[in-house]
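K.L.:
Kindly generate the corresponding structure for this input.
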Amino acid sequence: MFPIGVNPWVWSSPVDDTALSGLLPRIAQWGFDAVELPVEQVGDWDPDRTRTLLDRYGLALAGVCAVTPPGRDLVRTDPGTVARTQTYLRHCVDLAAALGAPVVGGPLYAAVGRTWRMSPTERTACYTEFRTHLAPVAEYAGRHGVSLGIEALNRYETSVANTIRQLLELREGLPDNVGIMIDTYHMNIEEADPYAAIDDAGPHIKHVQVSGTDRGAPGRDHFDWPRFLAALRNTGYRGPICIESFTSENETVATAASIWRPLAETQDRLATDGLIYLRRLLGLDGNG
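P.N.:
Okay, here's the model as predicted:
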């Protein structure tokens with residue numbers, strides 16, 4: 001139950017061929033089951049080379065993370081931007097399909113950091129626009145056996161979807177391969193009861209990202225991880241859970257994610273402490 005993965009963003013940005021050649025053997029040696037791979041720019045990493053590395057080190061690709069910097073939007077933007085964003089998302093689907101990843105996940109609706117006020121009527125129109133623009137990508141993903149997981153972000157990073165309830169509304173009417181990507185960091189900020197929110201997400205969960213409440217290692221924070229894992233188990237989800245954090249040493253990613261200080265003694269410790277803690281919990285519940 002719950003293979004444990006990690007995102008190379010813990011150590012590096014961009015995640016490219018050079019980074020992966022150095023990181024994947026270490027990730028496997030530490031005992032992770034899987035990785036999730038972000039696609040910051042098309043061509044950052046080669047799928048054939050990456051497949052060889054994954055196979056060599058016995059790692060699964062848990063998912064492909066769509067990255068939405070300024071200019072990648074499906075709502076409140078011009079048709080050219082929508083078309084380019086759809087093309088980018090199809091590329092992410094192609095990578096997932098080529099490497100056997102079940103899901104492409106992320107804040108698929110708008111660029112991270114883009115916020116604006118919306119009345120209820122304007123929000124309804126925004127969600128309708130999103131569904132219209134995501135639908136052809138969802139159809140393309142479905143034909144390739146790939147799911148899409150929409151991620152809610154905290155209020156400082158988006159005004160489109162902050163909670164699981166909003167994600168459920170956002171995906172309403174889309175095909176079954178469109179669901180929800182859980183991220184405990186954002187849930188800790190936005191959900192009044194994150195464990196009840198997991199219940200609400202239920203069968204729509206496509207992928208799960210975890211980190212401590214300060215973006216550090218799970219288990220070195222105030223989150224109730226046993227309760228979270230129990231709630232997740234009760235939904236029927238049995239896929240990977242992936243540690244996602246960022247390094248303060250890269251100016252671009254540190255600024256984007258507001259990482260202003262080291263979150264662990266080393267980035268290696270952030271990842272391995274989280275892995276050890278989660279493995280221990282899964283072993284203690286008798287279902288690991």
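K.L.:
Might you calculate how far stretch 52-61 sits from the centre of the chain?
P.N.:
Stretch 52-61 sits 20 Å away from the centroid of its parent chain (CA atoms, centre = their mean, to the nearest Å).
K.L.:
averaged over its residues, what pLDDT does it have?
P.N.:
For stretch 52-61, the mean per-residue pLDDT is 98.
K.L.:
Over to stretch 248-259?
P.N.:
76.
K.L.:
And that stretch, what's buried?
P.N.:
S248, N250, V253, A254, A256, A257, I259 (16 or more other CB atoms under 10 Å). In short, each C-beta sits where N, CA and C put it, glycine included.
K.L.:
go on, stretch 103-119?
P.N.:
Here stretch 103-119 shows V103, V104, G105, G106, P107, L108, Y109, A110, A111, V112, R114 as buried, counting by 16+ other CB under 10 Å.
K.L.:
one step back: turn the buried residues of stretch 248-259 into CSV, including secondary structure and distance to S21.
P.N.:
CSV is the format used below for those (DSSP: H, G, I helix; E, B strand; the rest coil; distance: CB to CB, whole Å):
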residue, secondary structure, distance to S21
S248, coil, 23
N250, coil, 18
V253, helix, 19
A254, helix, 23
A256, helix, 24
A257, helix, 24
I259, coil, 24
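K.L.:
So, low pLDDT: which residues of the stretch 151-288 of the chain?
P.N.:
284-288 (pLDDT under 70).
K.L.:
May I ask you to name the longest helix in this protein?
P.N.:
helix 120-143 (DSSP state H).
K.L.:
quick one: strands adjacent to the helix or strand just after that one?
P.N.:
Next in sequence after helix 120-143, counting helices and strands by DSSP states H and E, comes strand 147-151. Partners of strand 147-151 in the sheet, by DSSP bridges, are strand 103-106 (parallel), strand 178-183 (parallel).
K.L.:
Mind checking what helix or strand follows strand 147-151 in sequence?
P.N.:
helix 164-171.
K.L.:
what helices or strands is that following helix leaning on?
P.N.:
helix 120-143, strand 147-151, strand 178-183, helix 194-201 (3 or more CB pairs under 8 Å, 6 or more residues apart in numbering; DSSP states H and E).
K.L.:
May I see these organised as CSV, with distance to L61 added?
P.N.:
Listed next are those as CSV, based on distance: least, CB to CB, whole Å:
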stretch, distance to L61
helix 120-143, 15
strand 147-151, 13
strand 178-183, 15
helix 194-201, 22
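K.L.:
nearest to R279, of these?
P.N.:
strand 178-183 (19.1 Å; CB to CB).
K.L.:
one step back: among the helices and strands packed on helix 164-171, which comes closest to P218?
P.N.:
So among the helices and strands packed on helix 164-171, strand 178-183 is nearest, using CB to CB, at 12.2 Å.
K.L.:
of all the buried residues of stretch 248-259, which two lie farthest apart?
P.N.:
S248 and A256 (11.8 Å).
K.L.:
Can you give me the distance of T272 to L23?
P.N.:
Look at T272 and L23: by CB to CB, to the nearest Å, they are 13 Å apart.
K.L.:
Can you lay out the helices and strands packed on helix 164-171 as TSV showing mean neighbour count and distance to A97?
P.N.:
Output for the helices and strands packed on helix 164-171, formatted as TSV (neighbours: other CB atoms under 10 Å; distance: least, CB to CB, whole Å):
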stretch	mean neighbour count	distance to A97
helix 120-143	16	8
strand 147-151	26	11
strand 178-183	26	16
helix 194-201	19	24
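K.L.:
mind checking which of these is nearest V160?
P.N.:
Of the helices and strands packed on helix 164-171, nearest to V160 by CB to CB is helix 120-143, at 6.5 Å.
K.L.:
Check the average confidence over the closest one, would you?
P.N.:
On average, helix 120-143 scores 98.
K.L.:
how about stretch 40-52: buried residues?
P.N.:
In stretch 40-52, counting by 16+ other CB under 10 Å, buried: E40, D44, W45, T50.
K.L.:
Need the pLDDT of the first one.
P.N.:
If you check E40, the pLDDT there is 96.
K.L.:
Tell me if I'm right that it and S13 touch.
P.N.:
Yes - using CB atoms under 8 Å, E40 makes contact with S13 at a distance of 7.0 Å.
K.L.:
ok, back up a step: adding distance to V64, write the strands paired with strand 147-151 out as a markdown table.
P.N.:
Formatted as a markdown table, the strands paired with strand 147-151 follow (distance: least, CB to CB, whole Å):
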| stretch | distance to V64 |
| --- | --- |
| strand 103-106 | 5 |
| strand 178-183 | 11 |
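K.L.:
Now G173: which helix or strand?
P.N.:
With DSSP H and E as the test, G173 turns up in no helix or strand.
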